[in-house]
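Engineer: Give me a model of this one.
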Amino acid sequence: MGDINVSDGQDGAGGGTKKHILINAFDMSTVGHLSPGQWKNPKDKSATKRTLEYWIDLAKLLERGGINALFLADTTGGYDTYEGKIDECIRRAAQWPVTDPTIPISAMAAVTKNLAFGITASTSFEQPFLLAKRFSTLDHLTKGRLGWNIVTSYKKAAFKAIGLDTPIEHDERYAQADEFLRVLYKLWEGSWAPDALSPNPDEDSYVDPDKVRQINHKGKYYSLNTRHIVDPSPQRTPFLFQAGTSPAGSAFASTHAEAIFVSSHSPEVLRPKIEKIRQLAAEKGRDPQSIKFFGTFTPIVGRTDEEAQEKYEELKKYASVVGGLVLFSGWTGIDISKIPLDQEITAADSLEANKVTSLLDSLVQTSKDIPRWTPRIVAEKAAIGGLGPVAIGSPTTVADEMERWVREAGIDGFNIGHVSTPGTFEDLIDLVIPELRKRGLYPELPSPSDEPLTAREKVYGRGQKDLRDDHPATRYKYDAYQEEPPYVDNAEHADNVEIA
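Structural biologist: Here you go, the predicted structure:
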């Protein structure tokens, strides 16, 4: 889940200061992730994701390749914008059915030593105490190899699934998420003293209760009086991912995120958004370069450009165009079935309040790569790679394209999506990563004798298991903790609910 310049202290081969590209494998516990329809491909194993064998085999493969982390997307409820109903989402297996991504983690951790895991969980649908318990448990079981992709959720169907008729408004979701994170910092960072767990058989004492602080939080969205029920895990707070570059999302990310997952069809569209978040982080006293940006990227690789093109033509035979349109409509709030094939799509076509604002904003910004968006172009793009960049070619061609994105967009690495699985990941590991290593852009495999790094150490260097000192959560650490006054619903008390 991380990269580091060799000069910054990460163990590894080399000796120069060339920046390593960060690579996560991007998957989802569903049949059709970013390339719906590939379950029809006889080489694809997407339909076996409901077995532990799929996840165990994938983890072993990623470990063999020295992949930093397996980043797992998740969703609640189906996509029902296309044609105004959910039928095609279900029929085309467009992120349906979906199983819980947290459950296979323990099995994958048991067969790996270095691979980290990034799990998506929503602040809109969870109680902080329960999420804190689950993630502390997983951080213990993985020996600190855990990251959390923080999402706020937007789909109307998802809110209805948990008993809420109306989704929370976009910016309000981020205000709620901000408080959610502060509650978690109190539990993870502030509840237990470092030496609270101090077994003393002579006194029949395992934990010193005087060193486990009760958290008394009374906020706008959450109220709790409790001590964290799990002792401090290796990282205490898992490595923090976030996705979303809307103004509210950017403000949230620049405060909390250690890494940000971004998606765009063009580096020139993405770069200003990244620069804005880095600027906001600097204004909040954080090192802007400490926030790492991962772009979605789907490679189709052959030993030659011609072989890769042949693979692409073969994969297109199985692509579900309708499945891709279902995903597009669900993400943007645009019912693309109602727009003529060659009519340009604009933000005005999004009639739903519930959408991925940053994605819609990215789509209506054209580029030299895609000068205009129409349903025909979406149909061509959405079924393979989920509207993100797709690189087709030899290892040299794909590595060149990855370097271009790092250089032109200012990203630090990639979440690599699969077309077919495990084929895409096998080609990445067997063909692309050796080329990146040859260029000095990817670390060698750690030595078997090396002490494994935590998810955070993979980004910031050995020894940095805890949050960096410039992260706002440090004010909640046990020795610095001060209880905050209760929330008062009055504008003059607004500073009570701000973290930044």
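Engineer: ok, now which ones touch the residue nearest to P234 when sequence neighbours are not counted?
Structural biologist: Nearest residue to P234, sequence neighbours excluded (CB to CB, 6 or more residues apart in numbering): G144, at 3.1 Å. All C-beta spots, glycine's among them, are computed from the backbone N, C-alpha and C. By CB atoms under 8 Å, 6 or more residues apart in numbering, the contact set of G144 is 233-235, 454-457, 465.
Engineer: quick one: which of these is nearest N24?
Structural biologist: A455 (10.6 Å; CB to CB).
Engineer: contacting residues for that closest one?
Structural biologist: The contact partners of A455, taken as CB under 8 Å, 6+ apart, are 1-2, 69, 116-118, 144-147, 235, 238-239.
Engineer: Mean pLDDT per element in this structure, and the minimum belongs to which helix or strand?
Structural biologist: Lowest by mean pLDDT, DSSP states H and E among the helices and strands of the chain is helix 357-364, with a mean of 56.
Engineer: Next secondary structure element downstream of that helix?
Structural biologist: helix 375-382 (DSSP states H and E).
Engineer: and that following helix, what's its mean pLDDT?
Structural biologist: For helix 375-382, mean pLDDT is 82.
Engineer: next one: stretch 476-496
Structural biologist: 81.
Engineer: Closest one of the contacts of A455 to L138?
Structural biologist: Once CB to CB is applied, the member of the contacts of A455 that ends up nearest L138 is L146, at 5.0 Å.
Engineer: what bridges to that closest one?
Structural biologist: Listed by DSSP bridges, the beta-bridge partners for L146 are F117.
Engineer: these two touch, right, it and A121?
Structural biologist: No - counting by CB atoms under 8 Å, L146 stays clear of A121, with 11.3 Å between them.
Engineer: Which one's more surrounded, the two?
Structural biologist: More crowded of L146 and A121, by other CB atoms under 10 Å: L146, with 31 against 18.
Engineer: and the more buried one, how far is that from R456?
Structural biologist: 10 Å (CB to CB, to the nearest Å).
Engineer: what do those two both touch?
Structural biologist: 235, 239.
Engineer: Given the longest strand along the chain, what are its sheet partners and their directions?
Structural biologist: In the chain, with assignment by DSSP state E, the single longest strand is strand 292-301. Within its sheet, strand 292-301 is paired with strand 259-262 (parallel), strand 390-393 (parallel), strand 413-417 (parallel), according to DSSP bridges.
Engineer: Rebuild those strands as JSON lines, extending it with mean neighbour count.
Structural biologist: As requested, these are arranged in JSON lines below (neighbours: other CB atoms under 10 Å):
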{"stretch": "strand 259-262", "mean neighbour count": "26"}
{"stretch": "strand 390-393", "mean neighbour count": "21"}
{"stretch": "strand 413-417", "mean neighbour count": "26"}
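Engineer: For the contacts of G144, name the two members farthest from one another.
Structural biologist: Greatest spacing in the contacts of G144, by CB to CB: S233 and E457 (13.9 Å).
Engineer: Tell me which helix or strand the residue nearest to P234 sits in.
Structural biologist: Assigned by DSSP H and E, G144 falls within no helix or strand.
Engineer: Mind pulling up the pLDDT for it?
Structural biologist: pLDDT at G144 comes out at 98.
Engineer: what helix or strand does A121 sit in?
Structural biologist: Counting by DSSP H and E, A121 is part of strand 116-122.
Engineer: How far off centre is that strand?
Structural biologist: In terms of CA atoms, centre = their mean, to the nearest Å, the gap separating the centre of strand 116-122 from the centre of its chain is 6 Å.
Engineer: Looking at that strand now, give me its mean pLDDT.
Structural biologist: For strand 116-122, the mean confidence score works out to 96.
Engineer: And for the helix or strand just after it, what's in contact with it?
Structural biologist: Counting by DSSP H and E, the next helix or strand C-terminal to strand 116-122 is helix 128-141. Identification of contacts with helix 128-141 by CB under 8 Å, 6+ apart yields 102, 105-106, 109, 117, 119, 121, 145-146, 148, 180, 183-184, 187-188, 222, 224, 226, 228-230, 232-236, 238.
Engineer: ok, 7 Å please
Structural biologist: For helix 128-141, contacts defined as CB atoms under 7 Å, 6 or more residues apart in numbering pick out 102, 105-106, 109, 121, 146, 148, 180, 183-184, 187-188, 222, 224, 226, 228-230, 233-235, 238.
Engineer: quick check, distance from that helix to the centre of its chain.
Structural biologist: With CA atoms, centre = their mean, you get 17 Å for helix 128-141.
Engineer: Surely R278 touches P288?
Structural biologist: Yes - contact criterion CB atoms under 7 Å: R278 and P288 qualify, at 3.6 Å.
Engineer: quick one: secondary structure of the nearest residue to G302 once chain neighbours are set aside?
Structural biologist: Closest residue to G302 apart from its sequence neighbours, by CB to CB, 6+ apart: A308 at 3.4 Å. Following DSSP: H, G, I helix; E, B strand; the rest coil, A308 is assigned to helix.
Engineer: quick one: contacts for I429?
Structural biologist: 61, 64-65.
Engineer: would it count as being in a strand?
Structural biologist: No - secondary structure assignment (three-state DSSP) places I429 in helix, not in a strand.
Engineer: before we move on, back to that, out of the contacts of G144, name the ones that lie in helices.
Structural biologist: With DSSP state H as the criterion, helices contain 455-457 from among the contacts of G144.
Engineer: Just the closest of those residues to H418, please.
Structural biologist: A455 (21.5 Å).
Engineer: what about stretch 257-265, distance to the chain center?
Structural biologist: With CA atoms, centre = their mean, you get 8 Å for stretch 257-265.
Engineer: Use 204 as the first number for this chain going forward.
Structural biologist: Noted, 204 is the first residue going forward, which turns the last one into stretch 460-468.
Engineer: can you list contacts of that stretch?
Structural biologist: 352, 442-446, 448, 456, 473, 476-477, 480, 494-499, 562, 565, 570, 572-573, 590-592, 614, 618, 662.
Engineer: Need the buried ones from those selected in ChimeraX.
Structural biologist: Buried residues among the contacts of stretch 460-468 (16 or more other CB atoms under 10 Å), as a ChimeraX selection:
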select :352,442,443,444,445,446,448,456,473,476,477,480,494,495,496,497,498,499,562,565,573,590,591,592,614,618,662
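Engineer: what helix or strand is the residue sitting nearest the centre point of the chain on?
Structural biologist: For the chain, the residue sitting closest to the mean C-alpha position, by CA atoms, centre = their mean, is N352 at 4.3 Å. Under the criterion of DSSP H and E, N352 resides in strand 349-354.
Engineer: Point out the other helices and strands that that strand packs with.
Structural biologist: For strand 349-354, the packing partners by 3 or more CB pairs under 7 Å, 6 or more residues apart in numbering; DSSP states H and E come out as strand 319-325, helix 331-344, strand 442-446.
Engineer: related to what we said a few turns ago, could I get the contacts of A658 in TSV, plus columns for distance to K520?
Structural biologist: Output for the contacts of A658, formatted as TSV (distance: CB to CB, whole Å):
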residue	distance to K520
M204	34
G205	37
A272	32
A319	35
F320	33
G321	32
G347	43
R348	38
L349	38
G350	36
Q438	44
P441	40
F442	39
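Engineer: of these, buried ones?
Structural biologist: Counted by 16+ other CB under 10 Å, the contacts of A658 give 204-205, 272, 319-321, 347-350, 438, 441-442 as buried.
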